[in-house]
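In: Below: sequence and its predicted model.
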Amino acid sequence: MLPPELPPLPALTRAEGELIDRYLDVVDLLGRINPAHDGDTYRGLRAAQALVTKAAELRDALTVMHRRGETELHAPTLGRAMRVLDGERRTARVTVPPLSGSWRERPDRG
């Protein structure tokens with residue numbers, strides 16, 4: 001059985017599409033760097049090195065939008081696009097996961 005078909009992306013300008021793509025690239029890298037998640041330092045280091053380039057690309061996407069007169073971010077439309085592109089799962093990796101027990105109950109917290 002095939003997986004359910006994703007909803008279509010909302011209509012975006014080329015610059016808006018570039019903004020969403022570059023933003024999610026940065027989020028993915030931040031998720032790999034997040035010290036609250038398991039992983040190794042080399043993986044985090046590689047992600048941090050790539051983050052410099054991706055952050056510049058994100059800046060450039062916003063610069064293009066601004067220069068073209070696209071001065072407003074249309075959050076409902078951009079949010080829908082991010083959801084279609086799995087943005088909720090991808091951004092969740094950037095947050096601190098909830099504790100399974102209270103802070104004082106954790107064995108590493110004397």
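Out: Ah, there it is. Quick caveat, the model's predicted, so the values are computed rather than measured. Residues are numbered from 1 along each chain as shown.
In: where's the residue nearest the centre of the chain, which helix or strand?
Out: Centroid-nearest residue in the chain: residue 27, 2.6 Å away (criterion: C-alpha atoms, centre = their mean). If you go by DSSP states H and E, residue 27 is part of helix 14-33.
In: ok, so what distance separates the residue nearest to the centre of the chain from residue 49?
Out: To residue 49, residue 27 is 17 Å away according to C-beta to C-beta, to the nearest Å. (C-beta placed from N, C-alpha, C; glycine too.)
In: gap between residue 71 and residue 77?
Out: With C-beta to C-beta as the criterion, residue 71 and residue 77 are 15 Å apart.
In: In terms of neighbours, single out the busier of the two.
Out: More crowded of residue 71 and residue 77, by other C-beta atoms under 10 Å: residue 77, with 15 against 8.
In: Check which helices and strands the helix holding residue 27 is in contact with.
Out: Applying 3 or more C-beta pairs under 8 Å, 6 or more residues apart in numbering; DSSP states H and E, we find helix 14-33 packed against helix 41-67, helix 75-84, helix 87-92.
In: And the shortest one, what's buried?
Out: Within helix 87-92, the residues that count as buried by 16 or more other C-beta atoms under 10 Å are 87, 90-91.
In: thought residue 18 was touching residue 62?
Out: No - in terms of C-beta atoms under 8 Å, residue 18 does not count as a neighbour of residue 62; the distance is 9.3 Å.
In: closest to residue 9 out of the helices and strands packed on helix 14-33?
Out: helix 75-84 (5.3 Å; C-beta to C-beta).
In: Report the distance from the closest one to the chain centre.
Out: Relative to its chain's centre, helix 75-84 lies at 13 Å (C-alpha atoms, centre = their mean, to the nearest Å).
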